[in-house]
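J.: Give me the fold of what follows.
(one chain, ligands or ions: 1)
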Amino acid sequence: MRILFLTTAHNSLSQRLWIELCERGHDIRVCIAAAPEAMIDAVARETPDFILAPMLKIAIPEEILSRHLCLIVHPGIKGDRGPSSLDWAIANGEKHWGVTILEAAAEFDAGAIWASHEFALPGDAVTKSSLYRDQVTEAALRGVLEAIARIESGESRSGAWQPQKLADAAPMARGRLRPPMRQADRTIDWSRDKTAAIVRKIRAADSAPGVLATLLLGQTCFLYGAHEEDRLQGSPGQILAQRDGAICIGTIDGAVWISHLKAKEEADGAFNPTVGVKLPAAQVLGPLLRSVPKASLPIDAPADHRTFREIVYTEEADVGYLSFDFYNGAMSTSQCTRLRDAFLHARSRPTRVIVLLGGADFWSNGIHLNVIEASPDPAAESWHNIHAMDDLIFEVLNTMSHLVIAGLRGNAGAGGAMMALAADRVFARSGIVLNPHYRSMGDLYGSEYWTYALPRRVGQKRAQELTLSCKPIGARTACEIGFLDDAFGENAVAFVAELKERAKRLAQDPEFRAMLRRKHERRLDDESVKPLAVYRAEELERMRVNFFGPDPAYHEARRRFVFKGNPQPRGGRVPVLAAAEGTSWFPARAAARAGARVPSAP
Ligand code: COA
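T.: Next up, the predicted model:
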């Protein structure tokens, strides 16, 4: 069938539906519906069999509704209506929630119901965006497939089956019309709210719009990335400690970590690159945290209490597990450096296999565009960040003492997707979406040794297609083309359980030493054909032009991405090519730093 997506953003849910429906042979067209006219034009142009709105924030014009079947993906249970469904579900501590596929009608979310699927909400408050990317996406897919089956079978057209009218469903349904959730509904009362309530409020607003609060330091910010802390204690509202860019704030019954802040506009309107950008809390508060103690925690500290930890290392049998749960999968220079150190620690252990687990929501999305945007010199920070990323990946590629598995629990994009290919085995949860390309970020060339690792897996031709077409791919296709070795697990829990089994089997395989030897020989062969340092230098030469060259496309695209299409002026600063020549990050020197070293096998 020819299906037109009308969507405010071709986001993870929309991409997942696109992948699944294309794989089933449907012809999908996507219209980013910014205005009614764009929708009317797209419908006239594409002449779809029906229209699907995976995530639409504006109404579909009557002129379309009267002529076409339009189905809406609504992230709520039967009977639920309003734009803050997930916010209310989390804030109210619902045990079950769901997704309903509705026929679009003049009144928002009040059309007939085509399908509805429920799921259990995790016991601990989950973030809204995490829920959206995982349970909501899976339920939406089931509902959309069910609706399409009804359309294809002709039963809806013939009248053999009728969608349920809201008025008929409402008396039996738990859902109801709820107002938009406002900041007044989200306000934290530090003198009354317990830690769990604060975490719940912030997670119901994460990743957008965040909870507006005035910190005791006087700064008014939106709060994101909340984690309970059950050891540190202090006055409610007071900043007690900092760790890896996050701040710990006292509550009436303990404390809460806040990993990210977005500063509100300053009254004097003076340019401050951190205002309006969601950033690690320490980058927003800067010198205000000078006297706040650092509460560092080793990566292998026992998981015996609730706290905030980005990088965690554990061991089971002969396997080391390294998870790196970076907010939004974005990896800043310091996060890459810490992860590289953690990886070196894992490699120094007497285990046989290292499993890189990424984060629960995202495996990785590459360099940290927000941190770069807010830095005093975005071009130089981009340069530092890509080097730190490459330094990490270089170590993974050059690991001869262990077999390395990448276990993708969540989606991966750009350099983050390429990073997975440095491992010896690449496994993913069945439902993930991969975006292994850079071009849409202002024609960014990309590094992360992708010119070595991607063709090695999928061949030159396919590598070109993937990086030039800029299309998302699903786990099934990724397995078929060799990007992934396998995909399994209906959800993250099932995926990790199976992953651990496979890692254990690999570590115990009688062929383990032979596998290690073959890996070493292959690396030496590859190195003799073309050293890793040359791949890196060639990639970075292209990146240098992206960052410091006369064409500002990357800087403009990054700004649009960070400010969601409404870029703020940066005082007219234009990075120039010459700026890089004098720095210690000049690629020729970078290549020398990376070296052509291949450690020997055990
Ligand atoms: N740096 C900073 N933030 C990033 C990021 C990055 N590299 N990649 C994603 N994010 C953030 C988004 O801004 C968004 O933030 P918010 O929800 O807090 O506002 C969140 O992660 C989710 O991203 P979103 O784009 O909504 O998710 P998606 O599933 O629709 O799309 C990607 C996924 C990977 C296609 C898209 O996020 C993307 O293009 N990211 C940039 C990748 C990139 O170019 N990296 C640099 C080169 S290595």
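J.: Can you name the residues of the stretch 51-200 of the chain that neighbour the ligand?
T.: Proximity of the stretch 51-200 of the chain to the ligand, by CB under 6 Å from any ligand atom, involves residues residue 129. Heads up, the C-betas are built off the backbone N, CA and C, glycines and all.
J.: Show me the helices in the stretch 51-200 of the chain, by range?
T.: Assigned by DSSP state H, counting those that start in this stretch, the helices in the stretch 51-200 of the chain fall at 62-65, 85-91, 128-131, 137-153, 155-158, 166-169, 183-186, 195-203.
J.: Would you reformat these as JSON lines and include distance to residue 306?
T.: Shown next, in JSON lines, are those (distance: least, CB to CB, whole Å):
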{"stretch": "helix 62-65", "distance to residue 306": "48"}
{"stretch": "helix 85-91", "distance to residue 306": "18"}
{"stretch": "helix 128-131", "distance to residue 306": "17"}
{"stretch": "helix 137-153", "distance to residue 306": "27"}
{"stretch": "helix 155-158", "distance to residue 306": "49"}
{"stretch": "helix 166-169", "distance to residue 306": "40"}
{"stretch": "helix 183-186", "distance to residue 306": "22"}
{"stretch": "helix 195-203", "distance to residue 306": "9"}
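J.: can you tell me which of the ones you listed the model trusts least?
T.: The minimum mean pLDDT among those belongs to helix 155-158 (a mean of 90).
J.: which residues are contacting that one?
T.: Residues outside helix 155-158 that contact it (CB atoms under 8 Å, 6 or more residues apart in numbering): 150-151, 161-163.
J.: let's see it at 7 Å
T.: For helix 155-158, the surrounding residues in contact (CB atoms under 7 Å, 6 or more residues apart in numbering) are 150, 161.
J.: got the buried residues for it?
T.: For helix 155-158, the neighbour count (16 or more other CB atoms under 10 Å) marks residue 156 as buried.
J.: Restricting to C-alpha, output that helix in PDB.
T.: Below are the C-alpha coordinates for helix 155-158, written out as PDB (Å, rounded to 0.1, in the frame of the first residue of the first chain):
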ATOM      1  CA  GLU A 155     -13.300  -5.600   6.300                       C
ATOM      2  CA  SER A 156     -13.300  -1.900   7.300                       C
ATOM      3  CA  ARG A 157     -14.500  -0.800   3.900                       C
ATOM      4  CA  SER A 158     -17.100  -3.500   3.600                       C
END
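J.: How far off centre is that helix?
T.: 39 Å (CA atoms, centre = their mean, to the nearest Å).
J.: Same check on stretch 147-158?
T.: On the basis of CA atoms, centre = their mean, stretch 147-158 sits 35 Å off its chain's mean C-alpha point.
J.: ends of that stretch, how far apart?
T.: Terminal residues of stretch 147-158 lie 15 Å apart, using CA to CA, to the nearest Å.
J.: do the helix or strand hosting residue 372 and the ligand meet at all?
T.: Per DSSP states H and E: residue 372 is located in helix 369-374. Yes - under the criterion of CB under 6 Å from any ligand atom, the ligand is reached by helix 369-374 at 369-370.
J.: pLDDT on that helix, on average?
T.: 98.
J.: That helix - contacts with which helices or strands?
T.: Packing partners of helix 369-374 (3 or more CB pairs under 7 Å, 6 or more residues apart in numbering; DSSP states H and E): strand 279-280, helix 378-397, helix 553-562.
J.: Point out the most buried one among those.
T.: Across these, averaging neighbours per residue (mean count of other CB atoms under 10 Å) puts strand 279-280 on top, at a mean of 28.
J.: Give the next helix or strand downstream of that strand.
T.: helix 281-285.
J.: Other residues contacting that next one?
T.: Outside helix 281-285, the residues touching it (CB under 7 Å, 6+ apart) are 217, 219, 221, 242, 245-247, 258-261, 263, 274, 289, 371, 374.
J.: So which of those residues sit within strands?
T.: Among the contacts of helix 281-285, the ones falling in strands (DSSP state E) are 221, 242, 246-247, 258-261, 263.
J.: TSV for the residues you listed, including neighbour count?
T.: Below are those laid out as TSV (neighbours: other CB atoms under 10 Å):
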residue	neighbour count
221	24
242	20
246	25
247	28
258	24
259	24
260	27
261	29
263	20
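J.: just those residues now: which is nearest the ligand?
T.: Closest to the ligand out of these is residue 260 (8.0 Å), distances taken as CB to the nearest ligand atom.
J.: For that closest one, which residues are in contact?
T.: Per CB under 7 Å, 6+ apart, neighbours of residue 260: 224-225, 278-281, 327.
J.: Filter these down to the buried ones.
T.: 224-225, 278-281, 327.
J.: Could you dump those into CSV and include distance to residue 184 and pLDDT?
T.: Listed next are these as CSV, based on distance: CB to CB, whole Å; pLDDT from 0 to 100:
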residue, distance to residue 184, pLDDT
224, 19, 98
225, 22, 98
278, 22, 97
279, 25, 98
280, 27, 98
281, 24, 97
327, 26, 98
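J.: Between the residues you listed, which sits nearest the ligand?
T.: residue 278 (5.4 Å).
J.: Without its sequence neighbours, what residue ends up closest to that closest one?
T.: With sequence-adjacent residues excluded and distances taken as CB to CB, 6 or more residues apart in numbering, residue 278 is closest to residue 262, at 4.5 Å.
J.: separation between residue 198 and the ligand?
T.: Distance of residue 198 to the ligand, given as CB to the nearest ligand atom, to the nearest Å: 19 Å.
J.: is it true that that residue touches residue 252?
T.: No - using CB atoms under 7 Å, residue 198 is not in contact with residue 252, being 9.6 Å away.
J.: Quick check on those two: which one has the bigger neighbour count.
T.: Neighbour totals were compared for residue 198 and residue 252, and residue 198 leads with 28 against 17 (other CB atoms under 10 Å).
J.: Roughly how far does the more buried one sit from residue 396?
T.: Counting by CB to CB, to the nearest Å, the gap from residue 198 to residue 396 is 37 Å.
J.: What parts of the stretch 301-450 of the chain come near the ligand?
T.: So the stretch 301-450 of the chain meets the ligand at 328, 330, 365-370, 411, 413-415, 435, 438, 441, 444 (CB under 6 Å from any ligand atom).
J.: out of the residues you listed, which is most surrounded?
T.: residue 367 (32 neighbours).
J.: Residue 66: neighbour count?
T.: There are 7 residues near residue 66, going by other CB under 10 Å.
J.: thinking again about what came up before, what two of the ones in strands among the contacts of helix 281-285 are the furthest from one another?
T.: Among the ones in strands among the contacts of helix 281-285, the pair separated by the greatest distance (CB to CB) is 242 and 263, at 16.6 Å.
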